[in-house]
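In: Below is the sequence, then the predicted model.
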Amino acid sequence: MTTARPGGRTARTRAAAFEAAAALLAEREPAQIAMTDIAARAGVAATSLYRRWGDVRTLLMEVAVEQLTTEWPLPDTGSLEGDLTAWARQIGTSLRSREGSAFFRVLIATAPTSDADRMGRATALTPRLQQIQTLIERARQRGEPTPEAFDVTDHILAPLYARALFGTPAGPDIADRLVKRLMALTALEQGMAPPDDPGSIPRRTGR
């Protein structure tokens with residue numbers, strides 16, 4: 001008797017759907033893509049995709065996040081400020097280029113309209129948030145001022161994406177300023193010297 005590999009068919013369906021969705025995102029705007037389009041391109045039944053993802057917005061967001069994490073991995077420069085600065089500059093660069101802003105286009109086009117949508121988006125974004133948390137944990141182990149993951153989204157990511165939304169994507173100077181502001185605020189809240197200012201406040205060692 002032949003035993004099916006656990007998850008074999010599911011993994012193949014996911015891979016085919018992701019490949020098809022990525023190809024369609026390169027050709028069209030997210031709002032022009034239907035689940036049936038992805039199913040036809042992937043050679044799978046649309047019902048299978050609906051069972052797995054619920055709706056096309058959740059699928060597109062998962063695809064966009066996977067592309068983002070693969071093509072734009074978070075840097076490891078040896079300091080949190082260096083990591084965040086390099087990352088913020090990458091985001092600014094991608095938002096100034098249509099080819100590099102698939103994630104942003106999907107983010108805008110798939111705005112949640114229900115609790116189920118919000119849960120789907122949160123699940124899709126989890127891998128990126130985990131990467132941010134890893135970046136922060138590295139800095140904490142080095143004894144640096146460390147914001148929470150959502151402080152990074154609130155103080156760096158949100159302003160960068162908001163500027164792009166209003167047609168004024170940030171350049172390197174703005175990206176640098178956002179990072180410095182967050183790091184200075186974090187250091188102040190934690191009673192530590194800012195990363196570029198040894199000052200008179202001793203830096204706390206990791207616990």
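Out: Yep, it's here. Residues are numbered from 1 along each chain as shown.
In: what's the distance between the residue nearest to residue 118 when sequence neighbours are not counted and residue 40?
Out: The shortest distance from residue 118 to any non-neighbouring residue, by C-beta to C-beta, 6 or more residues apart in numbering, is to residue 112 (4.3 Å). From N, CA and C alone the C-beta is placed, and that goes for glycine too. In this view, residue 112 and residue 40 are 26 Å apart by C-beta to C-beta, to the nearest Å.
In: List the buried residues in the worst-scoring helix or strand of the chain on mean pLDDT.
Out: Within the chain, confidence by mean pLDDT, DSSP states H and E is lowest for helix 102-109 among all helices and strands, at a mean of 84. Judged by neighbour count using 16 or more other C-beta atoms under 10 Å, the buried positions of helix 102-109 are 102-107, 109.
In: Pull out the buried positions in the very next helix or strand once past that helix.
Out: Next helix or strand after helix 102-109 toward the C-terminus (DSSP states H and E): helix 115-141. Neighbour-count burial for helix 115-141, counted by 16+ other C-beta under 10 Å, picks out 117, 120-121, 124-125, 128, 131-132, 135-136, 138-139.
In: Let me know the closest of the residues you listed to residue 84.
Out: Taking C-beta to C-beta as the measure, residue 84 sits nearest to residue 135 out of those, at 7.9 Å.
In: show me the contacts for that closest one.
Out: 74, 76, 80, 83-84 (C-beta atoms under 8 Å, 6 or more residues apart in numbering).
In: So among these, which ones count as buried?
Out: Among the contacts of residue 135, those classed as buried by 16+ other C-beta under 10 Å are 74, 80, 83-84.
In: Let me have the buried residues of helix 102-109 in TSV, adding distance to residue 20 as columns.
Out: Shown next, in TSV, are the buried residues of helix 102-109 (distance: C-beta to C-beta, whole Å):
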residue	distance to residue 20
102	14
103	18
104	21
105	17
106	15
107	20
109	17
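In: Got the domain ranges for this protein?
Out: 1-54, 60-207 (automatic domain parsing).
In: So which of the ones you listed is the most surrounded?
Out: Most buried of the domains of the chain, by mean neighbour count (mean count of other C-beta atoms under 10 Å): domain 60-207, with a mean of 16.
In: From the rest of the structure, what touches stretch 56-71?
Out: For stretch 56-71, contacts defined as C-beta under 8 Å, 6+ apart pick out 17-18, 21-22, 25, 30, 33-35, 38, 49, 52-53, 102-103, 106-107, 109-110, 112, 117, 120-121, 123-125, 127-128, 131.
In: contacting residues around the helix or strand containing residue 177?
Out: Per DSSP H and E: residue 177 is located in helix 172-189. The contact list for helix 172-189, computed with C-beta under 8 Å, 6+ apart, reads 80-81, 84-85, 88-89, 91-92, 145-147, 151-152, 155-156, 159-160, 163, 170, 193-196.
In: now do stretch 142-160
Out: Applying C-beta under 8 Å, 6+ apart, the contact partners of stretch 142-160 are 79-81, 84, 88, 91-92, 95, 129, 132-133, 136-137, 139-140, 169-170, 174-175, 178-179, 181-183, 185-187, 190, 192, 194-195, 203-206.
In: Low-confidence bits of this structure, can you list those?
Out: Scanning the chain for pLDDT under 70 picks out 1-7, 98-100, 194-207.
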